[in-house]
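*Asks:* what follows is a predicted structure for the sequence shown.
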Amino acid sequence: NCATGAACVVGDTGPGGGLVYYVNNAGFTCGPTLTATCNYLEVAPSGWNTGADPIKLWAVVAHKASDIATIENHLSAYNNASGIGLGYKNSLAIVGQGNDTTTAAGAARAHDGGSQSDWYLPTTAELNLLCQWARNVAQSVITRCTGGTLNTGTGASGSFSTGGYWSSSELVGTRGWYQLFNNGVQDANLKYITYYVRPVRAFG
């Protein structure tokens, strides 16, 4: 089955014990250096943090205004295919800056569901696809999440909050991108503001 290496479809249980929420049969670049090829995105299950999704900072106070050179800044939400699979690289850079498990990327990277060590904070593109899955609307990388009803369809067990979820994408040095799951709006806010966290991972 999907969890043990067979082909996956949206809604399958993945190798990390989460749910597959995006399938790309053509493949996309992934991994810490974007040198691997993946076909799937898996989201950690509800309760991954032994309860509701935690609320975290984007960066600790010492780095709340520090630009991360290896994360490209985007003045608008980067809903682009090249953003799929990029979250792992982004999250490593955020944690490498000195951001611990009190931050969104640090908490996502610390997750080890399914004994997998490659969980991360999604990019705006990956988070937007997750919002579309959670709201049970057709997925489109380039279209902002809108319509549908939260926590329905194959995403019914997601138990997502209606609030904002952090992405691993930057607007500028002081601000990171987040997305509201009640209406799909994407915006950026100061890195010391708190939003929800849900880890994802790319595989196979």
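*Replies:* Received it, and whenever you're ready, just let me know what you need.

*Asks:* going forward, measure contacts between C-alpha atoms and count neighbours the same way
*Replies:* Fine.

*Asks:* next up, the contacts around the spatially most central residue of the chain.
*Replies:* The centre of the chain sits closest to residue 122, judged by CA atoms, centre = their mean, with a distance of 2.2 Å. By CA atoms under 8 Å, 6 or more residues apart in numbering, the residues touching residue 122 are 86, 87, 88, 167, 168, 199, 200.

*Asks:* CSV for those residues, including pLDDT?
*Replies:* Formatted as CSV, those follow (pLDDT from 0 to 100):
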residue, pLDDT
86, 98
87, 98
88, 98
167, 98
168, 98
199, 98
200, 98
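
*Asks:* turn those into JSON lines, including neighbour count.
*Replies:* Formatted as JSON lines, the contacts of residue 122 follow (neighbours: other CA atoms under 10 Å):
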{"residue": "86", "neighbour count": "28"}
{"residue": "87", "neighbour count": "32"}
{"residue": "88", "neighbour count": "28"}
{"residue": "167", "neighbour count": "32"}
{"residue": "168", "neighbour count": "27"}
{"residue": "199", "neighbour count": "28"}
{"residue": "200", "neighbour count": "30"}
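
*Asks:* export these to CSV and tack on distance to residue 79 and secondary structure?
*Replies:* Converted to CSV, those look like this (distance: CA to CA, whole Å; DSSP: H, G, I helix; E, B strand; the rest coil):
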residue, distance to residue 79, secondary structure
86, 12, coil
87, 13, helix
88, 16, helix
167, 12, strand
168, 13, strand
199, 18, coil
200, 17, strand
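
*Asks:* may I ask which two of those residues are separated the most?
*Replies:* 86 and 199 (13.3 Å; CA to CA).

*Asks:* tell me where the protein has strands.
*Replies:* 19-30, 36-43, 55-56, 164-172, 175-180, 186-190, 195-196, 200-203 (DSSP state E).

*Asks:* and stretch 131-138, what's buried?
*Replies:* Across stretch 131-138, burial judged by 16 or more other CA atoms under 10 Å covers 131, 132, 133, 134, 135, 136, 137.
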